[in-house]
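Enquirer: how would this look folded up:
(chains A and B)
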Amino acid sequence: MTARDPMQAGAAVLAAEKGLGLPVRLPVIRVRTEQGEVAAFRRETGSIGTGDFVPLTFPFRWLALSAIRGVILQLLGGEGFVPVHEAQSFVYERGLQIATDYLLSVEIEAVEKPRRLILKMAVATEEGEICARLETVLRIVQLTSEMAS
Amino acid sequence: MIEAGEQPAPPDWPKAGEAIETGNFGPFEAAALARYAAVSGDDNPLHLDPEAAQAAGLAGLPVHGMLLLACFEPLLMGWRRDLFIARLSAKFLRPVLAGEGIRIMGRVLRSQAAPRPELILRLTARAPNDDLVILAEAAVLYKTP
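Expert: Numbering: from 1, shown residues only, chains lettered A, B, ... in the order given. Next up is the predicted model:
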């Protein structure tokens, strides 16, 4: 799982570091539903194969792309903080096909009391047609000092 | 997932109140969490490092919420193969720890046959001690199997 443009990661992290007004909107990321990655994901999640379409929760794995992960790590607040998944939604206009390129739009908002990150992603075809929208809510939890040190 | 079409509802289209077949998933052992981390990219130490889990106040490694939520699609597709899952929203209410499994149940909240066959489903996942761990809602459309 790799972002096609490695420069995107740096740009996004820079935006977070500068403390630009949130939500942070990342540059569009090109992703691909690689056949091998879909098959491995299916094996570990017990997803039932439905033709040429990827499992419903598969796009969540794009949060681990360096361009997105870097911003999440910046917004977490450093060592000793971890995200805890609190809520998740998927809305599909159409299924995502295997071995296909898509464009990913990502917006990350940090909120307080309690501290949370709200991530909104939209997956679109190269022609700009929206296929799916995801919303992820991560609560930020501080580990005890013994672990954080 | 397959595209939904504009077809009339089949004769056996579920009615409001109808139950969805219960499904048992897991138990999810630590090795399964490590494998899921590898295929999903979610290598949050909470799920993989007992010390991190303990430092977060947990008695064991919590199973990835998304590994649990991934079980909902096979449950629904096992119930009926003629569905397109248009929406799935979930709240993770309590951690499921490594070694535990979940039981997913569901019920049709609303059923529409026309103009476009659609169901609104209430779904829940419970831990072995019957604690509610995930509360979810799905909107599904009819598609030709």
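Enquirer: over to the closest residue to residue A:111 other than its chain neighbours. Which of the three states is it?
Expert: Nearest non-adjacent residue to residue A:111, counting by C-beta to C-beta, 6 or more residues apart in numbering or on different chains: residue A:118, 6.4 Å away. Bear in mind the C-beta positions are built from the backbone N, C-alpha and C, glycine included. Per DSSP: H, G, I helix; E, B strand; the rest coil, the secondary structure class of residue A:118 is strand.
Enquirer: who does residue A:118 bridge with?
Expert: Per DSSP bridges, the residues bridged to residue A:118 are residue A:109, residue A:137.
Enquirer: just to check, it is in contact with residue A:89?
Expert: No: here residue A:118 lies out of contact with residue A:89, judged by C-beta atoms under 8 Å, at a distance of 11.1 Å.
Enquirer: what do those two both touch?
Expert: Common neighbours of residue A:118 and residue A:89 (criterion: C-beta atoms under 8 Å, 6 or more residues apart in numbering or on different chains): residue A:135.
Enquirer: hmm, back to that, do you know the pLDDT at the residue nearest to residue A:111?
Expert: Residue A:118 carries a pLDDT score of 96 in this model.
Enquirer: look up how far chain B lies from it.
Expert: Distance of residue A:118 to chain B, given as C-beta to the nearest C-beta, to the nearest Å: 14 Å.
Enquirer: residue ranges with poor pLDDT in the chain?
Expert: Assuming you mean chain A. A:1-22, A:48-51, A:145-149 (pLDDT under 70).
Enquirer: right idea, wrong chain: chain B
Expert: B:1-6.
Enquirer: need the longest helix for it.
Expert: Under DSSP state H, the helix in chain B containing the largest number of residues is helix B:30-40.
Enquirer: what's the helix or strand just after that one packed up against?
Expert: Sequence order places helix B:45-48 as the next helix or strand after helix B:30-40, per DSSP states H and E. On a contact count with 3 or more C-beta pairs under 8 Å, 6 or more residues apart in numbering or on different chains; DSSP states H and E, helix B:45-48 meets strand A:81-92, helix B:30-40, helix B:50-55.
Enquirer: among those, show me which one is buried the most.
Expert: strand A:81-92 (a mean of 21; mean count of other C-beta atoms under 10 Å in any protein chain shown).
Enquirer: where does residue B:15 land in three-state SS?
Expert: Here residue B:15 is recorded as coil under three-state DSSP.
Enquirer: you'd agree residue B:10 is in a strand?
Expert: No: looking at residue B:10 with three-state DSSP, it is coil, so not inside a strand.
Enquirer: and it, how far from chain A?
Expert: 18 Å.
Enquirer: need the contact list for that residue.
Expert: Taking C-beta under 8 Å, 6+ apart, one finds B:82, B:117, B:142 in contact with residue B:10.
Enquirer: what's the closest non-adjacent residue to the last one?
Expert: With C-beta to C-beta, 6+ apart as the criterion, residue B:142 has its nearest non-adjacent residue at 3.5 Å, and that residue is residue B:117.
Enquirer: the one you found against residue B:12, yeah?
Expert: No: using C-beta under 8 Å, residue B:117 is not in contact with residue B:12, being 11.2 Å away.
Enquirer: before we move on, back to that, how close does the residue nearest to residue A:111 sit to residue B:140?
Expert: Plainly put, residue A:118 is 26 Å away from residue B:140 if you go by C-beta to C-beta, to the nearest Å.
Enquirer: more crowded one of those two?
Expert: residue B:140 (23 against 17; other C-beta atoms under 10 Å in any protein chain shown).
Enquirer: next one: phi and psi at the spatially most central residue of chain A?
Expert: For chain A, the residue whose C-alpha lies nearest the mean C-alpha position (C-alpha atoms, centre = their mean) is residue A:63; its distance is 2.2 Å. Dihedral angles of residue A:63 (phi, psi; degrees, to the nearest 10) stand at phi -60, psi -20.
Enquirer: show me where chain A has its strands.
Expert: Along chain A, the stretches classed as strands by DSSP state E are A:24-25, A:29-32, A:81-92, A:101-111, A:116-124, A:130-142.
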